[in-house]
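[1] this is a predicted model, with the sequence first.
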Amino acid sequence: MSALRCKYNPDLLAYSATVDDALAGVCQFKLTDKGGIIYDLAPVKDGFDFEAMFVLGRGTLNFIDLCGVHYAFFCGEIRDEQCERLIKAVGFKKTESGSYEMNLEGFFTTEHCQKD
């Protein structure tokens with residue numbers, strides 16, 4: 001994963017996103033009894049396709065939700081404003097303690113998606 005802004009972790013699940021057959025980014029995560037934990041939502045080093053990264057983040061969250069895990073945490077590094085904007089657009093909210101979390105209960109229902 002040298003073209004990415006993260007280090008490969010063989011103990012995590014991962015999704016990747018491509019645009020026109022070129023790698024756009026990767027999301028590494030795991031499922032726990034406390035919730036889904038996203039460790040990396042990392043674009044390639046030489047670019048940032050916001051739309052591809054947004055779909056990658058939402059796709060990961062949908063998978064976590066479909067697995068019966070209805071809470072998620074973002075524990076990755078927020079390197080810049082662009083990354084923070086992406087994390088918030090995907091649905092994470094910054095808590096008083098400074099962590100980014102979200103409740104996935106009902107997040108991917110038709111009613112919720114129509115509000116966005």
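    Okay, I see it.

[2] wasn't Phe54 part of a strand?
    No: under the criterion used here (DSSP: H, G, I helix; E, B strand; the rest coil), Phe54 is helix, not part of a strand.

[3] quick check: closest non-adjacent residue to it.
    Ala89 (5.8 Å; C-beta to C-beta, 6 or more residues apart in numbering). Placement of C-beta: from N, CA and C, glycine included.

[4] please report phi then psi for the one you found.
    With angles defined as degrees, to the nearest 10, Ala89 sits at phi -60, psi -40.

[5] distance of it from Arg58?
    Separation of Ala89 from Arg58 (C-beta to C-beta, to the nearest Å): 9 Å.

[6] contact partners for the residue nearest to Gly47 when sequence neighbours are not counted?
    Closest residue to Gly47 apart from its sequence neighbours, by C-beta to C-beta, 6+ apart: Ala24 at 7.3 Å. Each residue near Ala24 by C-beta atoms under 8 Å, 6 or more residues apart in numbering is listed here: 16-18, 43-44, 47, 49, 52-53, 56.

[7] state the mean pLDDT of the helix or strand where Ala24 lies.
    Applying DSSP states H and E as the criterion places Ala24 in strand 22-31. Averaging pLDDT along strand 22-31 yields 95.

[8] Ile78 and Leu86 touch, don't they?
    No: Ile78 lies out of contact with Leu86 (C-beta atoms under 8 Å); the separation is 9.2 Å.

[9] so between the two, which is more surrounded?
    The neighbour count for Ile78 versus Leu86, taken as other C-beta atoms under 10 Å, is higher for Leu86 (22 against 15).

[10] so is the more buried one in a helix, a strand, or just coil?
    Assigned with three-state DSSP, Leu86 falls in the helix class.
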